[in-house]
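# structure, please.
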Amino acid sequence: MEIKRSQIPFVGFRKQNWQRFFTILVILLFIAVTGVEVSRTWNFHGMGFDYLAFLSGGTIADKQGYASVYDLDLVKQTQINLNESLGITADRGGSDPNPMPVALLPVFVAPFQLLSRLTPRFGFTLWTILNLLIGAGYLVFFLRKMSKTWENSWREWGLLGLLLVAIPTVSNFTNGQVEVFLMIGAGEFIRCARNKKPVTAGLYLGLLLLKPQVLLLVIPALILLGNWKTFAGFCGSALVILGTSVWLAGMDGMVAMVNMWGKFAPGIASSAPELMMNWRTAALLVNDALGTWAGWILAGLGILGTLFLFIRILRAKPEFGTPRWAMAMLGVFLASCSVTWHAHAHMAMALFPFLIFGLSSGLLTQERVTAWVTIPQALYLASLLLVGLELAGVMPDLFIHGRVMGLAVLGVNLGLLVYITSFQKAG
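Numbers count the residues shown, from 1 in each chain. Predicted coordinates:
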């Protein structure tokens, strides 16, 4: 029986067909590998590591008050107790010498005070489901508000699907993080700016004090661009958030928080600085691989180069609320995540609204946004092949497959930053 050429799999595939095929393959493999790792981790711990930190803060706030949330000794003992309530005893890791610090302002600990009154596993399940519904619902809401063709655009709906399985999203949910609300704050910031509501945009930007390090370059950018009404809105929001935090924890609690941050920034082991998406992580990998401090030279040069691109973007002086301004702010967020001292991959969820807007406005191509999602996934999958070499002693044990996740996100962020810089210059 003669087989027609058209019946042979993959024959006649064009470049676009191959791109789609490999994109789907990478995503499916990434989902499968992630599912196995998540199942193994949750069966052992019963909850995300970061959720354990937040839950311990809520438990302490409920029993001892918010001023005690930042006492690392108390945090450690509370986490041991929570682990033991899940059957994770000292011989199974229940007495980790490195506590997971509660690095949130007191006002953001409040929801976990309520969750602490539930059983840990049920609370984590509820937190995960609520965040998934809120996050997916908000992305749909944002797309409908920002795109005129959302009803019939498979391209834009496809992007939503990609973002829901992107490394930042998976990292957020597996760890029990809070970045869904970081994403909402960034999304409402850009949506209000597009609607010419600068003060309201600034008010929503205050929500990003949930992770204040992401604002490292954002606030200076508002000042340098002369977006004073937005800056004023942010200041108003920040005063409410900080004022409420002082009311909850008192000045002693706020001082304890600042002192804890001082210990957190240099690198408490549980903060996992080697797994971040910034130049610090690149430096640590070089230092560990070569047994030297030369990585800090690389980081210094990388930070200087990133700041150079940041300044180039601002020199274009885009008008507030325009599509070009929105893309400039995406560049600012990208630069901020790259140079700030503490930035894990899940924080990149704050970029999602900008990517959706960039695609729907035609300023970012589907190929560019798809690459931002799938390149880190592909590199992470490829890095798993190195685990065998590490186990065999052929190469040093650098936990390379864990490091690649953050470094890959850093790489695609810097690539997108370079493109936005050239885009602003061309305009």
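
# surely residue 337 and residue 278 touch.
Yes - the criterion here is Cβ atoms under 8 Å, and residue 337 meets it with residue 278 at 6.8 Å. C-beta here means a position set from N, CA and C on the backbone, and glycine is covered the same way.

# in the biggest helix by length in the chain, which residues are buried?
Secondary structure of the chain per DSSP state H: the longest helix is helix 228-267. For helix 228-267, a neighbour-count test (16 or more other Cβ atoms under 10 Å) marks 229-231, 233-234, 237-238, 241-242, 245-246, 248-249, 253-254, 256-257, 260, 264 as buried.

# same check on stretch 351-367?
For stretch 351-367, a neighbour-count test (16+ other Cβ under 10 Å) marks 351-361, 363-364 as buried.

# stretch 280-297 too?
280-288, 295.

# CA atoms of that stretch as CSV?
Extracted as CSV, the C-alpha positions of stretch 280-297 are listed here (Å, rounded to 0.1, in the frame of the first residue of the first chain):
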residue,chain,number,x,y,z
ARG,A,280,23.0,38.6,42.3
THR,A,281,22.1,35.0,41.3
ALA,A,282,24.4,35.1,38.3
ALA,A,283,27.2,36.2,40.5
LEU,A,284,26.6,33.4,43.0
LEU,A,285,26.7,30.8,40.2
VAL,A,286,30.0,32.1,38.9
ASN,A,287,31.4,32.2,42.4
ASP,A,288,30.3,28.7,43.3
ALA,A,289,31.4,27.2,40.0
LEU,A,290,34.9,28.8,40.0
GLY,A,291,35.4,29.1,43.7
THR,A,292,36.1,32.8,43.4
TRP,A,293,34.5,36.2,44.0
ALA,A,294,34.8,37.2,40.3
GLY,A,295,31.0,36.8,40.0
TRP,A,296,30.5,40.1,41.8
ILE,A,297,32.4,41.8,39.0
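
# need the contact partners of that stretch.
273-275, 298-299, 302, 341, 396, 398, 403, 406-407, 410 (Cβ atoms under 8 Å, 6 or more residues apart in numbering).

# least confident secondary structure element in this structure?
Scoring the helices and strands of the chain by mean pLDDT, DSSP states H and E places helix 15-45 at the bottom, with a mean of 65.

# average pLDDT across whatever helix or strand comes next after that one?
As assigned by DSSP states H and E, the chain's next helix or strand after helix 15-45 is helix 49-63. The pLDDT scores in helix 49-63 average 93.

# pLDDT below threshold where in the protein?
Scanning the chain with the threshold set as pLDDT under 70 gives 1-22, 27, 30, 33-34, 36-47, 89-98, 149-154, 263-270, 388-399, 424-427.

# spit out the contact partners of the residue positioned nearest the centre of it.
The residue lying closest to the centre of the chain (Cα atoms, centre = their mean) is residue 347, at 1.6 Å. Counting by Cβ under 8 Å, 6+ apart, residue 347 touches 168, 179, 182, 211, 214, 277, 337.

# in a strand, the third one, correct?
Think residue 182. No - assessed with DSSP: H, G, I helix; E, B strand; the rest coil, residue 182 is helix; it does not lie in a strand.

# hang on, it packs against residue 214?
Yes - contact criterion Cβ under 8 Å: residue 182 and residue 214 qualify, at 7.0 Å.

# in what helix or strand does residue 301 lie?
Assessed by DSSP H and E, residue 301 sits inside helix 295-315.

# which strands or helices does the helix or strand just after that helix pack on?
Under the assignment DSSP H and E, the closest C-terminal helix or strand after helix 295-315 is helix 323-339. On a contact count with 3 or more Cβ pairs under 8 Å, 6 or more residues apart in numbering; DSSP states H and E, helix 323-339 meets helix 179-194, helix 218-224, helix 295-315, helix 352-360, helix 400-426.

# quick one: the helices in the stretch 51-200 of the chain?
72-85, 106-115, 120-146, 154-164, 167-175, 179-194, 198-205 (DSSP state H, counting those that start in this stretch).

# what comes up buried for the third one?
Residues of helix 120-146 classed as buried under the neighbour-count rule (16+ other Cβ under 10 Å) are 120, 123-124, 127-128, 131, 135, 138-139, 142-143, 146.

# of those, closest to residue 161?
Nearest to residue 161 among the buried residues of helix 120-146 is residue 139, at 10.0 Å by Cβ to Cβ.
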